[in-house]
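> here is the input, now give the coordinates:
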Amino acid sequence: MPVSLDATDLQTLHIVEISAGLTLLFGTAALLFPQAANNFFRGVERFLSRFAGAKRRAIIALFISVIVLRLLALPLLPVPAPGIHDEFSYLLMADTFAHGRLANPPHPMWLSFETFHVNWLPKYASMYPPAQGFVLALGQILGHPWIGVLLSDAAMCAAILWMLQAWLPARWAFLGGTLAALKLGIASYWVNSYWGGAAAALGGALVLGALPRIAKDGRVGDVVFLGLGIAILANSRPYEGFLFCIPAAIWLLWWLAGKTKSPEPLRVRVGQILLPLIAMLLLTAAFMGYYNWRLTGNALLLPHVLNTRTYHTTGLFLWDHKKPEIHYANQQFEDFYNGWERNNYNNTWSDILRVSEEKLVRYGLTYFWIGELLALPAIPFLFRNGKTRLFLVTFLLVTAGLFAVIWSNAHYAAPLTCVVFALAVQAIRYMRTVRIAWRPAGVALARAIVLLLVSDAGINVARGICDPLLWPCQGDPSRAAIATKLEHTPGKHLIIVRYDEDHNIHDEWVYNGAEIDSAKVLWARELDREQNAKLFDYFKDRKVWLVTPDSDNTYLEPYTPPDSPTADDSDGK
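All right, here's what the predicted structure looks like:
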């Protein structure tokens, strides 16, 4: 069947066309006029090289710069409004943590509040690992969950710089951190939504940044960073984090066994490195077991697995087959789980090709920019450098794991972020050595690659583009506007959400915070007459309102049953 492009697709395509045109222009200019503006760029590069030499100062400066640049962009990229199911689930987790709890007691009216990616029994809690929730909770305590997003994104860029400093010369490490900041710190859904990959990316950077430092100095402090990185990965992206840690574990064991040069004897390596690391891993396992027990009643049962067993009938991996359908208490769940989700993948080769192409588009737009095409000649050299061997093995292993699963979002690959920018920097380094007819065209091409990313980020900000994919960070502010209005209206309020038959299953309005009974404004799903009556009786002290997002997502009126004359008149107007 023919594929139609909506406004979002066309806007993304237009940005890609602009970037492609600039890449062609910059690349041609670099080949024809490699000496143009050479003195200017050499002066800038010398200054940045001296600045990058003070490594700690460079890390602090990058952290602050990400925050400042994103705040300066607020007039064009305002504080994001949540819109994706996952975002609301993470915000519930943040609110739970901010109230000093890991989980909330189940609610007697939970059927009316039932929503996506949230467990209700045995506890009311998000199904996701806790790392992103802790980030958002920190922001909520400081004034707004997005503050936590901004801080975590800046910390991720700083951690990537710290990691690269252990593997590359200081000036090249600083370039890598800057590239990460430009790509993921301003016009990316990682900083412009509530479900990005900054936490997992930070964990991956800590792991790979600690390894060469441990091999060089054998300090306990670096072991702490390694253990912390593993803990963050296990509590943000456990599947991808596990794959990410396999090459790192082999590398560390090889070093511990004395297969690589080390100034420390085996006794010191075991006492100062291995034993503290084991202790941190045991603490991480104990926390995860306790967290699971608090949320699911079983230390070995992840909240995500519990949610999958409760609601999902589709598989995780490409070779998995569907289970029998489950009957749900509301039509939206029927449409989502028995309709859209089951129809998305049917174990055919065409489905495998389609979901693989989807991954390529999502990962490509998030981690790469068209200007990197100028570095293609350097790709073969990456396989000849011993320092990049660990990066390449890690990249290939995690990528294979990502393409083995059905579902995809760019932040699933977040542990690989530091690897992606390490390889990008190495490619740029090689490009600078390329000479064409004895002319230093490679230097000009390398500069063009960086300048194209700067222009790409600038174009997105100027046009108010929150992410190249657009859809992960374009929440509808209408729901928040209605909630704000009622927050300033005396009394407590219960909002009943009524959906039309052709409702967009990705536009969900029924989400609440950790405190249900004491909340000033609650959102509930309109169900059958019996369940509605129970809900109204339980919350008889509240003013009951009706919203109809599919017909008018800004209109709020006193609740009337769907079969009442008033409701019929309202539908006809």
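> which parts of this structure are strands?
Ranges of strands in the chain, per DSSP state E, are 118-119, 125-126, 493-497, 521-525, 543-548, 552-558.
> among the ones you listed, which comes closest to residue 372?
strand 125-126 (35.7 Å; CB to CB). To be clear about C-beta, it is placed using only N, CA and C from the backbone, and glycine gets the same treatment.
> could you find the closest non-adjacent residue to residue 347?
Distances taken as CB to CB, 6 or more residues apart in numbering put residue 321 closest to residue 347, at 6.2 Å, once the chain neighbours are dropped.
> also residue 190?
Spatially, and ignoring its direct neighbours in sequence, residue 190 is nearest to residue 196 (3.0 Å; CB to CB, 6+ apart).
> before we move on, what about residue 244?
Using CB to CB, 6+ apart, the closest residue to residue 244 is residue 415 (4.1 Å).
> please apply the same query to residue 57.
residue 51 (7.5 Å).
> thinking again about what came up before, what is the neighbour count of the residue nearest to residue 190?
Residue crowding around residue 196 was assessed by other CB atoms under 10 Å; the count is 30.
> spit out the contact partners of the closest residue to residue 312 other than its chain neighbours.
Distances taken as CB to CB, 6+ apart put residue 337 closest to residue 312, at 6.5 Å, once the chain neighbours are dropped. Residue 337 sits next to 311-313, 326, 328 when contact means CB atoms under 8 Å, 6 or more residues apart in numbering.
> and the pLDDT at residue 485?
According to the prediction, residue 485 has pLDDT 93.
> how close does the spatially closest residue to it that is not a sequence neighbour get to residue 543?
Residue nearest to residue 485 in three dimensions, not counting chain neighbours: residue 556, with 7.2 Å by CB to CB, 6+ apart. Applying CB to CB, to the nearest Å, the value for residue 556 to residue 543 is 11 Å.
> shaky segments in the stretch 151-300 of the chain?
Applying pLDDT under 70 to the stretch 151-300 of the chain flags the ranges 259-266.
> need the phi and psi values for residue 562.
phi -60, psi -20 (degrees, to the nearest 10).
> wait, the residue nearest to residue 244 sits on residue 398?
Yes: here residue 415 reaches residue 398: they are 6.5 Å apart, a contact under CB atoms under 8 Å.
> could you tell me which residues touch both of these two?
Shared contacts of residue 415 and residue 398, counting by CB under 8 Å, 6+ apart, come down to 240, 244.
> the more surrounded of these two?
Neighbour count, other CB under 10 Å: between residue 415 and residue 398, residue 415 has more, with 31 against 26.
> gap between that one and residue 394?
Taking CB to CB, one finds residue 415 at 9 Å from residue 394.
> quick one, helices of the stretch 1-150 of the chain?
Assigned by DSSP state H, counting those that start in this stretch, the helices in the stretch 1-150 of the chain fall at 7-32, 38-53, 55-72, 85-98, 110-113, 131-142, 145-165.
> what's the answer for the stretch 351-500 of the chain, then?
In the stretch 351-500 of the chain, the segments counted as helices under DSSP H, counting those that start in this stretch are 379-382, 389-403, 417-431, 441-462, 478-487.
> looking at those helices, which is nearest to residue 352?
Proximity to residue 352, assessed across these by CB to CB, is greatest for helix 389-403 (9.3 Å).
> so where is the chain shaky, pLDDT-wise?
If you take pLDDT under 70 as the line, the chain has these spans: 1-38, 259-266, 437-438, 564-573.
> mind running it again at 80?
Scanning the chain for pLDDT under 80 picks out the ranges 1-43, 258-271, 385-387, 435-441, 553, 563-573.
> check contacts around the residue positioned nearest the centre of it.
The centroid of the chain falls nearest to residue 196 when counting by CA atoms, centre = their mean (2.0 Å). Residues near residue 196 by CB under 8 Å, 6+ apart: 149, 153, 184, 188-190, 411, 414.
> likewise residue 93?
When contacts are counted by CB under 8 Å, 6+ apart, residue 93 touches 125-126, 128, 130, 132-133, 136-137.
> quick one: it from residue 69, how far?
For residue 93, the distance to residue 69 (CB to CB) stands at 28 Å.
> with residue 532 instead?
49 Å.
> quick one: which of these two has more around it?
residue 532 (19 against 16).
> what is the burial count for the nearest residue to that one once chain neighbours are set aside?
Residue nearest to residue 532 in three dimensions, not counting chain neighbours: residue 526, with 6.7 Å by CB to CB, 6+ apart. Neighbourhood size, residue 526 [other CB under 10 Å]: 22.
> how about the one 3 residues further on?
Neighbours of residue 529 under the rule other CB under 10 Å: 10.
> pretty sure it sits against residue 561.
Yes: between residue 529 and residue 561 there is a contact under CB under 8 Å: 7.2 Å.
> check contacts around residue 475.
80-84, 87, 193.
> phi first, then psi, for it.
Given degrees, to the nearest 10, the pair of backbone angles that residue 475 has is phi -70, psi 150.
> what about residue 56, how many neighbours?
9.
> how near is it to residue 158?
10 Å.
> please give me every residue in contact with the residue nearest to residue 476 when sequence neighbours are not counted.
In this structure, residue 476 finds its nearest non-sequential neighbour in residue 83, 5.6 Å apart by CB to CB, 6+ apart. Counting by CB under 8 Å, 6+ apart, residue 83 makes contact with 473-476, 507.
> where does residue 83 fall, phi/psi-wise?
The phi/psi pair for residue 83 (degrees, to the nearest 10) reads phi -150, psi -20.
> now do the helices in the stretch 151-300 of the chain.
Under DSSP H, counting those that start in this stretch, the stretch 151-300 of the chain gives helices at 170-184, 198-217, 220-234, 238-256, 266-269, 275-296.
> just want the angle from the third one to helix 198-217.
Looking back up the chat, that one is helix 220-234. Following axes from the mean of the first three to the mean of the last three CA atoms, to 10 degrees, one obtains 150 degrees for the angle between helix 220-234 and helix 198-217.
> quick one: buried residues of helix 220-234?
222-223, 225-234 (16 or more other CB atoms under 10 Å).
> report the inter-axis angle for it versus helix 131-142.
Using the same axes, to 10 degrees: helix 220-234 against helix 131-142 is 100 degrees.
> cool, the first one as well?
Taking the same axes, to 10 degrees, helix 170-184 and helix 131-142 form an angle of 80 degrees between their directions.
> got the angle for helix 170-184 vs helix 417-431?
Computed by the same axes, to 10 degrees, the angle separating helix 170-184 from helix 417-431 equals 120 degrees.
> between the contacts of residue 83, which sits nearest residue 144?
Distance to residue 144, by CB to CB, is smallest for residue 475 among those, at 14.3 Å.
> against residue 127, how distant is residue 101?
Residue 101 sits 16 Å away from residue 127, going by CB to CB.
> between these two, who's got more neighbours?
Taking neighbours as other CB under 10 Å, residue 101 and residue 127 compare with residue 127 leading, 23 against 14.
> make sure the more buried one is actually in contact with residue 118.
Yes: counting by CB under 8 Å, residue 127 does reach residue 118; the two are 6.6 Å apart.
> which neighbours do those two have in common?
Common contact partners of residue 127 and residue 118 (CB under 8 Å, 6+ apart): 89, 307.
> and for residue 117, nearest residue in space, chain neighbours not counted?
Spatial nearest neighbour of residue 117, excluding adjacent residues (CB to CB, 6+ apart): residue 89 at 3.9 Å.
> much appreciated, bye for now.
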